[in-house]
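Asks: sequence plus the predicted model coming up.
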Number of protein chains: 2
Amino acid sequence: MEYKKILKRKKLKITPKRIAIINYFLKKDKYATPFDVWIYLKKNFKKIGLPTIYRNLEEFEKIGILTKIKGEENRFYYGICKMLNKKHHHHIICTSCHKISDFELCNFEQIKGEIEEMTNFEIKEHQFFLKGICKDCKEGGVNEKI
Amino acid sequence: MEYKKILKRKKLKITPKRIAIINYFLKKDKYATPFDVWIYLKKNFKKIGLPTIYRNLEEFEKIGILTKIKGEENRFYYGICKMLNKKHHHHIICTSCHKISDFELCNFEQIKGEIEEMTNFEIKEHQFFLKGICKDCKEGGVNEKI
DNA sequence: ATCTAAATAGAAATAATTTCTATTTAGATA
DNA sequence: TATCTAAATAGAAATTATTTCTATTTAGAT
């Protein structure tokens, strides 16, 4: 499992709690809050602390295993990052079932120069983020929030 | 002042606190937290409550006068929205001096179809956000955070 | 098998935001 | 211009999400 290698490479211990968190995201394939993750993992562990979840999610985001999503509400979400080689990529989420997916396509470079001219800024970073409806929710329709 | 017209149109009273908040953003031309705005306006008013700032910023974001920025830190920022006709646009911020600017250029439509094919999502919304260094900070150099 | 630095648990604290209630006020109306 | 009232406000308190702290446990190096 490649994630263990990443942890090793980043000199992070491979603890049961860490493995469980990563597996949670791999299995669910959806984005979630620290609290979501904690509630779920409480079923599998005799003891598991919410601060542990918070710290690990932040660590995983730092090393590129997870992506951090800042929604409209006052809380952070996290989602699995499948493109692990620091390849340039972005994410799309299903607003219905919370599925998250990453993709590489990005044509920002084509308009970067023109935006720089227009705004008189030197651009250092771009954030590109999509929301939509995934295939399952398109077909099922049952989860669609009207 | 066009913002008063927008308030009227949205059936919001034109109160001194509201005018002061809008003027704050027009004058500063930078993004700020509710707390930043509150600290600044406390100098101009005998009484002004932080909940009033919070509620008004949220209201202004709803009606398009302000844009809401969720940074890496656990708090919301707001910035003025100069393109008021609900024209499609995005924002760029200066990470040095907090200046915010909006721009219309966007070539997302060119790759939308391809991303939909690739991800099997039906895209409903895209967020596009830039960070960089503004002209003043490029030239001055003094504010640059190394 | 031992040792120790990293990780963890749980409690508490912090910080940002939201809610609540009493009071004030913008502006509609007569 | 005076009156009235629903919207807006102030301030306190509560809520919620996150972070910090300290004692204990444990992954993994030796």
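Replies: Perfect, thanks for sending it.
Asks: which residues of chain A fall in strands?
Replies: In chain A, the strands defined using DSSP state E lie at A:66-70, A:76-80, A:90-94, A:100-103, A:122-133.
Asks: which one of those strands lies nearest to DNA strand C?
Replies: If you check each of the strands of chain A against DNA strand C by Cβ to the nearest atom of the strand, strand A:66-70 wins as the nearest, at 10.6 Å. Where C-beta positions appear, they are placed from N, C-alpha and C, glycine not excepted.
Asks: tell me if that closest one is near chain B.
Replies: Yes. Using Cβ under 8 Å from any Cβ of the partner chain, strand A:66-70 reaches chain B at A:68, A:70.
Asks: for that strand, packing partners?
Replies: Packing partners of strand A:66-70 (3 or more Cβ pairs under 8 Å, 6 or more residues apart in numbering or on different chains; DSSP states H and E): helix A:50-62, strand A:76-80, strand A:90-94, strand A:100-103.
Asks: is the first one positioned near chain B?
Replies: Looking back up the chat, that one is helix A:50-62. No. Against chain B, helix A:50-62 shows no contacts by Cβ under 8 Å from any Cβ, the least distance being 9.6 Å.
Asks: picking up where we left off before, the strands of chain A: which one's closest to residue B:61?
Replies: The stretch from the strands of chain A with the least distance to residue B:61 (Cβ to Cβ) is strand A:66-70; that distance is 14.5 Å.
Asks: now the angle from that closest one to strand A:76-80?
Replies: Angle, strand A:66-70 to strand A:76-80, by axes from the mean of the first three to the mean of the last three Cα atoms, to 10 degrees: 150 degrees.
Asks: and the residue located most distally from the centre of chain A, how close does it get to DNA strand C?
Replies: Using Cα atoms, centre = their mean, the residue of chain A lying farthest from its centre is residue A:117. It sits 32.6 Å away. Per Cβ to the nearest atom of the strand, to the nearest Å, residue A:117 is found 34 Å from DNA strand C.
Asks: ditto for residue A:15
Replies: To DNA strand C, residue A:15 is 4 Å away according to Cβ to the nearest atom of the strand.
Asks: got phi/psi on that residue?
Replies: phi -100, psi 160 (degrees, to the nearest 10).
Asks: residues near it, how many?
Replies: 12 (other Cβ atoms under 10 Å in any protein chain shown).
Asks: if I look at it, how far off is residue A:35?
Replies: Distance from residue A:15 to residue A:35, counting by Cβ to Cβ, to the nearest Å: 20 Å.
Asks: residue A:93 now?
Replies: Relative to residue A:35, and taking Cβ to Cβ, residue A:93 is found at 18 Å.
Asks: just residue A:130 next, same as before
Replies: When distances are taken as Cβ to Cβ, residue A:130 and residue A:35 turn out to be 25 Å apart.
Asks: any residue of the least confident helix or strand in chain A by mean pLDDT touching chain B?
Replies: In chain A, no helix or strand scores lower on mean pLDDT, DSSP states H and E than helix A:135-140, which sits at a mean of 89. Yes. Counting by Cβ under 8 Å from any Cβ, chain B has neighbours in helix A:135-140: A:135, A:138.
Asks: next one, pLDDT for the residue nearest the centre of chain A please.
Replies: In chain A, the residue lying closest to the centroid (Cα atoms, centre = their mean) is residue A:79, at 2.4 Å. With respect to pLDDT, residue A:79 scores 95.
Asks: got a list of what it touches?
Replies: By Cβ atoms under 8 Å, 6 or more residues apart in numbering or on different chains, the contact list for residue A:79 reads A:25, A:30-32, A:66-67, A:69, A:91, A:93, A:100.
Asks: need those in a markdown table with neighbour count, can you?
Replies: Below are the contacts of residue A:79 laid out as a markdown table (neighbours: other Cβ atoms under 10 Å in any protein chain shown):
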| residue | neighbour count |
| --- | --- |
| A:25 | 23 |
| A:30 | 18 |
| A:31 | 23 |
| A:32 | 22 |
| A:66 | 24 |
| A:67 | 22 |
| A:69 | 20 |
| A:91 | 21 |
| A:93 | 24 |
| A:100 | 25 |
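Asks: who has more neighbours out of residue A:130 and residue A:35?
Replies: The residue with more neighbours, out of residue A:130 and residue A:35, is residue A:130; 22 against 12, by other Cβ under 10 Å.
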